[in-house]
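Q: Here is my input; please provide its structure:
(chains A and B)
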Amino acid sequence: MAKLFVFGIGGTGARVVKSLVMLLASGIKLNYEVVPILIDPDRAGGDLNRTVKLLREYQFIQRELKDYEHAHFFNTNVLTLSEIIARKGSNSNVIDGFRFELEGVQTDQFKDFIDFPNLDPANKWFTSLLFSEENLDSNLEVGFKGNPNIGSVVLNQFTRSEAFQAFAASFEKDDRIFIISSIFGGTGAAGFPLLLKNIREGVVKEQVYAFLQEAIIGAVTVQPYFKVSADEESKIDSKGFVSKTKAALHYYYNNVTGNNSVNALYYIGDLVANEYENKEGGGDQRNDAHFIEIASALAIVDFASINSDLIRTVEGKAEKPLYKEFGIKENVNSIRFNDLADDTAKLMRFCMTEYFYFNLFLKEKLSAALNNPYASAYSNKIDKNFMDQAFYKTLTDFNKSYRIWMGELHRNKVSFCPFNIEVHTGTRQEVTDIHIGTESIFSLVNGVAEKKNWISHIPGLDKSNYELFIAHLNKAAEKVGDSTSNKRFMGVFSKATRSIVNQKLF
Amino acid sequence: MNEMFAPLYEFFHYSVPFSDDLFDEGVYGTLGLYAVLISFAFVMLFYYVINRPAFSRWYHWAIILGINFLTAFSLGAFIPKTRFSALGIQYSSEYYAFALKNALIASCFFILLSFGLRWWSTNAKRTPIPH
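A: As a prediction, this is how the structure comes out:
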């Protein structure tokens, strides 16, 4: 299967990849193997680390389900670059674990990185014209703090790295590339055009990679969708976001879109209604998930579905580049499935709803419902022992992250609230979990009424809520048959949630 | 039919002349057939009509078994009494002893049919005890 290399640059890149992981877990399928590559100098970044953890969990779960036809959750293969290299049997020292370590940024100030103290006086003066003293003293460990002029210098080393060479060598004919970046910060704004330029050149360490030059490349460039609180101590000031965006767009006009470097470019942004705490970087930089990030992840899904003949590359130039924007039906503060455009709603509502109910059942009901046939009537049982195994524990962790993600989307501005949930928060106001305040579980999809037949109106006569869910699980178990516990578990829940969502909601 | 069920009814208890009268009037055949049909009907009701996760524990099954028992007991008392009264034959406590025997035989049918037919039930295939 062809591969889709997804470069997530900076904090926004990591957050969009997180949304992509959630969509893939829910059952959105790409006809590519996905190879996420996160580029961020901020090694301790909260968003980056959360995404890497999720990717590892996704991979662990997905491997257990490989080629299992009954499970549609976790259906897309996600690989690290080093796994691709190992699969090809190539020798390389690249160990990426989804993120690339940028050398020289861990402890250095920017002036040390460029060896400023040892420059001759003329070069020192010239450098001082390009970088302020504050720039030169800037510690690179937490990123570029909204300075693309620093980012473009530091990130240039990535394209000369062994990892980039390994990527170039592993890139094959039908593979594609997608680059996620924000346009209003430092890392993404600097990294995107730089990466694009180097891919199009297709030369790494004096070796030419023709497939890379002719690659089909997509990108999403995220325009401002949040601001940060004013903080005199911080070097990040969101007042500059719009002017930085304008400057970057002007640069892209000449160097990205103007020279047909990219085959499909997705623009996205929002009215800046929400304000995050001003954190320059590090573990504290954990912004709530935002709908813009889902929409950006959907750009990847859309890009993967475009026929190659429509976005061909000829001699390193996109023949007919596509430029796309994302929109919803009306400008609302709370987005439900019904507010999405028809194609988007069609893509998302089934898979997200099915995963929501899967997640809900595991959290609320599973341990008390192990004596039913779907769990106990087969040779590979779903029992307490199964729940103590690594597969279920990893799935539980992943599901908790999924619920937190949904809670963050729910409380953010603009709010993405397809489900009627209550958000639980911890002492630092971080989302810790979600809760539903009703036993009528099929009334939880906002704007969608539970489908009822005449029997449902007679109390006690028809199966409802969790009992109906269990009945669907029992029936699904018969269709799925016996397999390993892990596969059977996911197969049963995939089939049951699909049939119950069909029967009760859509 | 009468010959087929008579040994079952007379295996544990045989009393003259009540048992002979039951045989002569073909009551064994009628009640034996009813016991099988009723048990079958209750088994089908539990495993395939009700067939609910919330009504699939062993004590739910026991409730249906109890109803099966009472139905068979009622028929076991009512049918012989009606037939013999029409013929002018008088018995008293024998009816209830026989009704109890009929209810126990029907319960055996219910249990056997439960274990034979539960496999295709989606929600109660493990009731009353796991396999």
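Q: what does chain A have sitting close to chain B?
A: Within chain A, the positions lying close to chain B (CB under 8 Å from any CB of the partner chain) are A:369, A:371-373, A:376-377, A:463, A:467, A:470-471, A:474-475, A:478. All C-beta spots, glycine's among them, are computed from the backbone N, C-alpha and C.
Q: Narrow the residues you listed to just the buried residues.
A: Neighbour-count burial within those applies to A:Ala369, A:Asn372, A:Pro373, A:Ser376, A:Ala377, A:Lys463, A:Glu467, A:Ile470, A:Ala471, A:Asn474, A:Lys475, A:Glu478; the criterion is 16 or more other CB atoms under 10 Å in any protein chain shown.
Q: if I pick the fifth one, what's in contact with it?
A: It stands for A:Ala377. A:Ala377 makes contact with A:Ala477, B:Lys125, B:Arg126, B:Pro130, B:His131, according to CB atoms under 8 Å, 6 or more residues apart in numbering or on different chains.
Q: Now tabulate the residues of chain A next to chain B in a markdown table and tack on distance to A:Gln207, secondary structure and pLDDT.
A: Formatted as a markdown table, the entries for the residues of chain A next to chain B read as follows, by distance: CB to CB, whole Å; DSSP: H, G, I helix; E, B strand; the rest coil; pLDDT from 0 to 100:
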| residue | distance to A:Gln207 | secondary structure | pLDDT |
| --- | --- | --- | --- |
| A:Ala369 | 58 | coil | 94 |
| A:Asn371 | 62 | coil | 91 |
| A:Asn372 | 59 | coil | 94 |
| A:Pro373 | 60 | helix | 94 |
| A:Ser376 | 59 | helix | 91 |
| A:Ala377 | 59 | coil | 90 |
| A:Lys463 | 64 | coil | 85 |
| A:Glu467 | 63 | helix | 95 |
| A:Ile470 | 59 | helix | 97 |
| A:Ala471 | 61 | helix | 96 |
| A:Asn474 | 58 | helix | 96 |
| A:Lys475 | 57 | helix | 96 |
| A:Glu478 | 56 | helix | 94 |
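Q: Mind picking the two most distant members of those residues?
A: Within these, A:Ser376 and A:Lys463 form the most distant pair, 19.2 Å apart (CB to CB).
Q: contacting residues for the nearest residue to A:Asp175 once chain neighbours are set aside?
A: For A:Asp175, the nearest residue in space outside its immediate sequence neighbours is A:Lys3; the separation is 4.5 Å by CB to CB, 6 or more residues apart in numbering or on different chains. Taking CB under 8 Å, 6+ apart as the definition of contact, the neighbours of A:Lys3 are A:Tyr32, A:Glu33, A:Val34, A:Val35, A:Leu79, A:Ile84, A:Ser170, A:Phe171, A:Glu172, A:Asp175, A:Arg176.
Q: gap between A:Lys3 and B:Ser85?
A: Relative to B:Ser85, A:Lys3 is positioned 88 Å away (criterion: CB to CB, to the nearest Å).
Q: Show me which residues of chain B sit near chain A.
A: Proximity of chain B to chain A is confined to B:Arg52, B:Pro53, B:Ala54, B:Ser56, B:Thr122, B:Asn123, B:Ala124, B:Lys125, B:Arg126, B:Pro130, B:His131 under the rule CB under 8 Å from any CB.
Q: from memory the second one sits against A:Ser464, does it?
A: No. The pair B:Pro53 / A:Ser464 is not scored as a contact, 11.1 Å apart, by CB atoms under 8 Å.
Q: hang on, the earlier thing: got TSV for the contacts of A:Ala377, with distance to A:Ala215 and pLDDT too?
A: Listed next are the contacts of A:Ala377 as TSV, based on distance: CB to CB, whole Å; pLDDT from 0 to 100:
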residue	distance to A:Ala215	pLDDT
A:Ala477	45	96
B:Lys125	54	92
B:Arg126	56	91
B:Pro130	57	78
B:His131	57	66
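Q: Format these as a markdown table; extra columns: neighbour count, distance to A:Phe442 and secondary structure.
A: What follows is the contacts of A:Ala377, written out as a markdown table (neighbours: other CB atoms under 10 Å in any protein chain shown; distance: CB to CB, whole Å; DSSP: H, G, I helix; E, B strand; the rest coil):
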| residue | neighbour count | distance to A:Phe442 | secondary structure |
| --- | --- | --- | --- |
| A:Ala477 | 27 | 21 | helix |
| B:Lys125 | 22 | 26 | coil |
| B:Arg126 | 19 | 26 | coil |
| B:Pro130 | 12 | 30 | coil |
| B:His131 | 9 | 32 | coil |
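Q: Check which residues of the host helix or strand of B:Leu104 are buried.
A: With secondary structure defined by DSSP states H and E, B:Leu104 is part of helix B:93-117. Neighbour counts over helix B:93-117 (16+ other CB under 10 Å) mark B:94-95, B:98-103, B:105-107, B:109-111, B:113-114, B:117 as buried.
Q: from the chain's centre, how far out does that helix sit?
A: For helix B:93-117, the distance between its averaged C-alpha position and the chain's averaged C-alpha position is 4 Å (CA atoms, centre = their mean, to the nearest Å).
Q: before we move on, what about stretch A:451-471?
A: On the basis of CA atoms, centre = their mean, stretch A:451-471 sits 37 Å off its chain's mean C-alpha point.
Q: Nearest residue to B:Ile64 in space, please, no chain neighbours.
A: Using CB to CB, 6+ apart and skipping residues adjacent in sequence, the residue nearest B:Ile64 is B:Phe46, 4.6 Å away.
Q: sorry, that was for B:His60
A: Once chain neighbours are set aside, the closest to B:His60 by CB to CB, 6+ apart is B:Thr127, at 7.2 Å.
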